[in-house]
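*Asks:* Give me coordinates for this.
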Amino acid sequence: MAVTAHPLATRAALDMLAKGGTPVDAAIAAQMVLGLVEPQSSGIGGGTLVMLWDEGARKISSWDGLAAAPARVTASLRTDTDGKLLPGGDPLNRSGRAVGVPGTLAVLHAIHERHGKLPWADLFAPAIAHADAGFPMPKYLHGILAQPDGAANHADWRSLYFDAAGRPLAVGTIVRNPAYGKTMRSIAALGAQAWLAQGGARAIVAAAQRGVRPTLMTERDVLDYRPAEREPVCAPFLAYRVCTMAPPSFGGLYVLQTLQMTAVRANGRFDFADPAFVHLYAEAGKLAQADRRRFVGDPGFVAVPVATLADPGYSMVRALGIDLAKANASPQSGIPMTGLSARESDASDP
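*Replies:* This next block holds a predicted model:
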C-alpha cells in the first residue's frame, strides 16, 4: 500500500514496489513526483522526516531531514543582520530570508544507501516521465494560484502555470515542466551530493536570493547539511504503543500529549460527533501546544524534556486541569523539567 497527496505520486510508489523495491524506494519515487505536481508543498528545496519499520530487525527508526537554519542565522526571522527588526507580514514570509537549508535530498539519499534496493536512478523515472509528458493542473495548486495577487506572488511561475492574460490554467489543463525533468535527470545520474556540488547548491541559493529579503544561506550551508538519525518517541495510548518523530519535529509530541490527555478525561468515549468530546479534544490540544511552544526545539541547541512530555503521568496531571464546561482562553505550559520554577512555567508563550 502507498498513500500520498496525489494519485500520480501514489502510482509511482506502487510501481517501485511492483518492481521489487523497498518502501524506501517507493517513498523516494513518490517524493520526486510530488515535487512536480504539488510544488507549493513538496520538493527538493524543502525538508523531510522519515520513519521506517524494519521488519527483519523488528525495529523502528527515524531520520531528521528537516530544513535547517543557515550558519549566519539571526535571532529571529524578523531580526536583520544589523540587529534591527524588519517589518513582518506576508512579504517577509515569502522572501528568501524565510528559506531554510534544504534537507530532503540528503536524507533520502542516506536512507536509500541503507534501506534501498532498486538503483537510485530508477526512482526518478516516473517524475521525469510526468514532467516531460505533462500532468493535469491539480485543483489544490490552482486554488493557490487563483488567489488575489496570485500571478504577482508567483511571478517565476507565470510561464508555467498561467495564460497570457495572467490567469492560472484551468483545473485539468496539461502542464509540462521540462526544466524539472532536466533536474531530475541530473540528480538521477549524479547522485544527491554530487548534483549539489556541481551546481545544484548554487541554483538553490540563487533562487532564495530573490525577493524583498535575500536568504542568509550559502552554498557551503547546503553542501555541509547532514541528516540525523534520531531515536523515535514512543508512548502508550489506550492499548497501543504509539511511536512518532522526536524533536526538532514538534508534531509527534503534540499528538502524543493530546491523545493521552484526552484519554484521561474521555471515560472511554471517543466520538467526534459529541460536542463535549470535541471540546475536550480541543482543550487537550491547547495544553499540548502550550508545552511545545515552551519546551520543544532543536535538541542540538535546546534541552528538550522529551521523556517527561511523553509520560502518561505528566499528561494525567495536565488533563486534570481541563475545564469540561469552558474554553481556556490563555493555556499555559506545564512544569516537565526538574528545577523549572512555577513562575517560569506560567510565563506566557514566546
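*Asks:* what bits of the chain have low per-residue confidence?
*Replies:* When residues are selected by pLDDT under 70, those of the chain lie in 337-350.
*Asks:* In it, which helix is the longest?
*Replies:* Among all segments of the chain classified by DSSP state H, the helix with the greatest residue count is helix 275-295.
*Asks:* Run the chain-centre distance for it.
*Replies:* In terms of CA atoms, centre = their mean, to the nearest Å, the centre of helix 275-295 is set 21 Å apart from its chain centre.
*Asks:* quick one: buried residues of that helix?
*Replies:* Burial within helix 275-295, assessed by neighbour count using 16 or more other CB atoms under 10 Å, is assigned to 277, 279-281, 283-295. C-beta: built from backbone N, CA, C; applies to glycine.
*Asks:* try stretch 170-188
*Replies:* Burial within stretch 170-188, assessed by neighbour count using 16+ other CB under 10 Å, is assigned to Val175, Asn177, Tyr180, Gly181, Thr183, Met184, Arg185, Ser186, Ile187, Ala188.
*Asks:* And that stretch, end to end?
*Replies:* With CA to CA, to the nearest Å applied, stretch 170-188 spans 32 Å between its terminal residues.
*Asks:* before we move on, what about stretch 194-206?
*Replies:* Across stretch 194-206, the straight-line distance between its terminal residues is 18 Å, by CA to CA.
*Asks:* Residues touching that stretch, excluding its own?
*Replies:* 45, 102, 105, 183, 186-187, 190, 215, 217-219, 222-223 (CB atoms under 8 Å, 6 or more residues apart in numbering).
*Asks:* repeat for stretch 45-58
*Replies:* Residues outside stretch 45-58 that contact it (CB under 8 Å, 6+ apart): 23-24, 27, 31, 59-68, 99-100, 102-104, 107-108, 111, 115, 204, 207, 232, 243-245, 249.
*Asks:* repeat for stretch 285-293
*Replies:* When contacts are taken as CB under 8 Å, 6+ apart, the neighbours of stretch 285-293 outside the stretch itself are 250, 253-255, 257-258, 261, 309, 318-319, 321-322, 328, 331-334, 336, 349-350.
*Asks:* How are the helices of the stretch 1-150 of the chain distributed by residue range?
*Replies:* If DSSP state H, counting those that start in this stretch is used as the criterion, the helices of the stretch 1-150 of the chain fall at 7-18, 23-37, 90-93, 104-115, 125-133, 139-145, 150-153.
*Asks:* Return the distance of the fourth one from the chain's centre.
*Replies:* The gap between where helix 104-115 is centred and where its chain is centred comes out at 16 Å by CA atoms, centre = their mean.
*Asks:* Contacts for it, please.
*Replies:* In this structure, residues lying in contact with helix 104-115 by CB under 8 Å, 6+ apart are 22-25, 27-28, 31, 43-48, 50, 52, 54, 63-65, 120, 123, 187, 191-193, 195-196, 225-227.
*Asks:* Whichever of the residues you listed end up buried, select them in ChimeraX.
*Replies:* Here is the ChimeraX command that selects only those of the contacts of helix 104-115 that count as buried (16+ other CB under 10 Å):
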select :22,23,24,25,27,28,31,43,44,45,46,47,48,50,52,63,64,65,120,123,187,191,192,195,196,225,227
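*Asks:* That's all I had, so thanks and see you.
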